[in-house]
Each structure stands twice: as structure tokens, then as C-alpha cells.
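**Student:** Please work out how this folds:
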Amino acid sequence: DDYNPHIHALFVVDKGYFNNSRQYITRDRWLELWKSCTKDDRITQVHVQKVREDNNDRAYEVAKYSAKDEDYLISQDVFEVFYKALKGKRLMVFSGLFKEASQKYEDGGLDHLKEESTIEYVYALMYQWGNGKYAQIEKRLLDDEEKQMINNENIDEMDVE
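**Tutor:** Next up is the predicted model:
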């Protein structure tokens, strides 16, 4: 009967940050700062971790969700608490280099970095949710124009309506 609100944050730092004692912020100092800005001395944890260049899993973890569906789909009451708490809230904010990169992404300036999908789509499928499961309500072959429009798109660039 408790919730665990928390913040995932990703910071860009100079390459020498971790070796510079004048810049580096320890875990204990982060905890002290977090308690101070929230005015809550009951907070006992902060988790700070370096994202390595050869492993972006942590960066993806930070960016992927505000809440896991298994957290808020437990019951109608829990869902309503999540909904009311998050409705109208800005859940992701970019600043600095991340803001510049986000704008470049939106403007198509990073499209050359995307992989082209090798999947060939042949069917249009329509599903509907009901009685606790998805049911297929339509399946048809795509026509040539639809195939040309849908296939060979960049991965993660197709809009599903």
C-alpha cells in the first residue's frame, strides 16, 4: 500500500569528471542534496551510476518509461492514483546537449544513423481489446501502394494509427 516515486536523470559530464575531486559529486552528497531539495529527511537512497560508451542499456532504462505497466495495472484504484498524479505532467525534459539532439532528431538531422528495416510487411491486421484479451477483427493483404509506403522505412519511424 505504498508508492515509490522517483526520478531517473541522465547528465552529460566532461570526460575528466570522475577523476576530478573538485567536480565529482559523491553518492552521499547526492543523497544530502536530494533530501534538502525535497525537504524530506526520510529518504535513505540514491543510486548514481556511470553510463559507459560501450553499453547504453542504462541510458535506455532512464528514458523508456515513467512507470511500468505492472505498477499501475494492479487495480482500478491504483490506476486512478497514477492517472491523477501524472495527468498533465511533463514526464520527460531535455536540456543542453540532449535538447539539441532531440531537436536534430525531430528535424530529421539524425536519420542517416537509423537502420533501414529489413522486414517486408504483407498483411494489414486489426485487433480489438475486449474481455481481457486481443481479438483479430480484420486481416487483409496490403496493396502495392501500401507495401511501397510501409516497407523499407527506418526502424522506429513508422506511425501506427
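**Student:** neighbours around residue 43, how many?
**Tutor:** A count of neighbours around residue 43, defined by other CB atoms under 10 Å, yields 13. Glycine gets a C-beta too; all of them are placed from N, C-alpha and C.
**Student:** any idea how far residue 19 lies from residue 13?
**Tutor:** From residue 19 over to residue 13 the distance is 11 Å, taken as CB to CB, to the nearest Å.
**Student:** Quick one: mean pLDDT over stretch 86-104.
**Tutor:** The pLDDT scores in stretch 86-104 average 87.
**Student:** Run the chain-centre distance for it.
**Tutor:** Centroid separation between stretch 86-104 and its chain, computed with CA atoms, centre = their mean, to the nearest Å, is 11 Å.
**Student:** now stretch 20-33
**Tutor:** Here the centre of stretch 20-33 is set off from its chain's centre by 26 Å, with CA atoms, centre = their mean.
**Student:** ok, residues contacting that stretch?
**Tutor:** With contact meaning CB atoms under 8 Å, 6 or more residues apart in numbering, stretch 20-33 is reached by 13, 14, 16, 17, 18, 43, 44, 45, 46, 48.
**Student:** Check stretch 131-151 too.
**Tutor:** Here stretch 131-151 makes contact (CB under 8 Å, 6+ apart) with 117, 119, 120, 121, 122, 123, 124, 125, 126, 127, 128, 158.
**Student:** at 10 Å instead, please
**Tutor:** Stretch 131-151 has contacts (CB atoms under 10 Å, 6 or more residues apart in numbering) with 116-130, 158.
**Student:** For residue 84, state which of these is nearest.
**Tutor:** Distance to residue 84, by CB to CB, is smallest for residue 129 among these, at 22.8 Å.
**Student:** Just list what the helix or strand where the closest one lies packs against, helices and strands only.
**Tutor:** For residue 129, the host element (DSSP states H and E) is strand 123-130. Contacts defined by 3 or more CB pairs under 10 Å, 6 or more residues apart in numbering; DSSP states H and E place strand 123-130 against strand 133-141.
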